[in-house]
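Chemist: Please find the sequence and the predicted model below.
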Amino acid sequence: MSSTLVGEGSSNLSGAQAQQQVPDEQAIVRRYEQLRASVEELWQKINELEMEKQEHALVLSSLSPMDASRKCFRMIGGVLVERTVGDVMPAVERNKGGIEQVLAKLTEQMEARKKELADFQTKYKIRVKTNG
């Protein structure tokens with residue numbers, strides 16, 4: 001899917017004014033594309049962390065009915081180590097909590113960036129035409 005940006009502006013400028021207007025329009029389009037890319041990156045990172053959070057929740061639900069002294073294995077820095085369920089559960093819970101905090105911050109950043117993008121679109125009267 002390709003998209004084309006269309007700005008509403010006056011097209012009856014003299015030659016000198018039109019030459020001065022072009023870099024400004026290009027700068028506006030570049031900034032708009034940067035904002036869109038930033039929102040997309042944040043969205044992808046949020047999705048990635050959501051999947052990690054779900055994996056942590058699955059591990060916790062699997063470990064919770066088990067005896068705390070039962071042995072289990074945990075991947076730490078690419079190395080599989082043997083621990084007990086009692087050792088691993090608090091660490092997994094802390095990791096899940098950290099992921100939730102990062103998700104909240106990223107979601108807040110993404111909402112702010114979306115608002116900035118919408119304001120930028122309104123300010124420069126940008127419309128996105130989709131071809132396809």
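Modeler: Perfect, I can see it now. Residues are numbered from 1 along each chain as shown.

Chemist: Cys72 belongs to a strand, doesn't it?
Modeler: Yes. With DSSP: H, G, I helix; E, B strand; the rest coil as the criterion, Cys72 is assigned to a strand.

Chemist: which residues does it contact?
Modeler: Contacts for Cys72 were tallied using Cβ atoms under 8 Å, 6 or more residues apart in numbering; they are Leu63, Met66, Glu82, Arg83, Thr84, Val85, Val88. (Each C-beta comes from the backbone N, C-alpha and C, glycine too.)

Chemist: Work out for me the element the one residue sitting closest to the centre of the chain sits within.
Modeler: Centre of the chain computed as the mean C-alpha position; nearest residue by Cα atoms, centre = their mean is Leu42, 1.5 Å away. Counting by DSSP states H and E, the secondary-structure element that holds Leu42 is helix 15-63.

Chemist: what's the model's confidence in that helix, averaged?
Modeler: In this model, helix 15-63 has an average pLDDT of 88.

Chemist: What mean pLDDT does the strand or helix carrying Lys115 get?
Modeler: In this assignment (DSSP H and E), Lys115 forms part of helix 85-123. Per-residue confidence for helix 85-123 averages out to 97 on the pLDDT scale.

Chemist: follow-up on the earlier one: let me have the contacts of Cys72 in TSV, adding neighbour count and distance to Thr130 as columns.
Modeler: Formatted as TSV, the entries for those read as follows, by neighbours: other Cβ atoms under 10 Å; distance: Cβ to Cβ, whole Å:
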residue	neighbour count	distance to Thr130
Leu63	17	47
Met66	14	51
Glu82	9	54
Arg83	14	52
Thr84	14	55
Val85	17	52
Val88	21	48
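
Chemist: Looks like the residue nearest to the centre of the chain contacts Gln109 (just checking).
Modeler: Yes. In this structure Leu42 lies within contact range of Gln109 using Cβ atoms under 8 Å: 6.0 Å.
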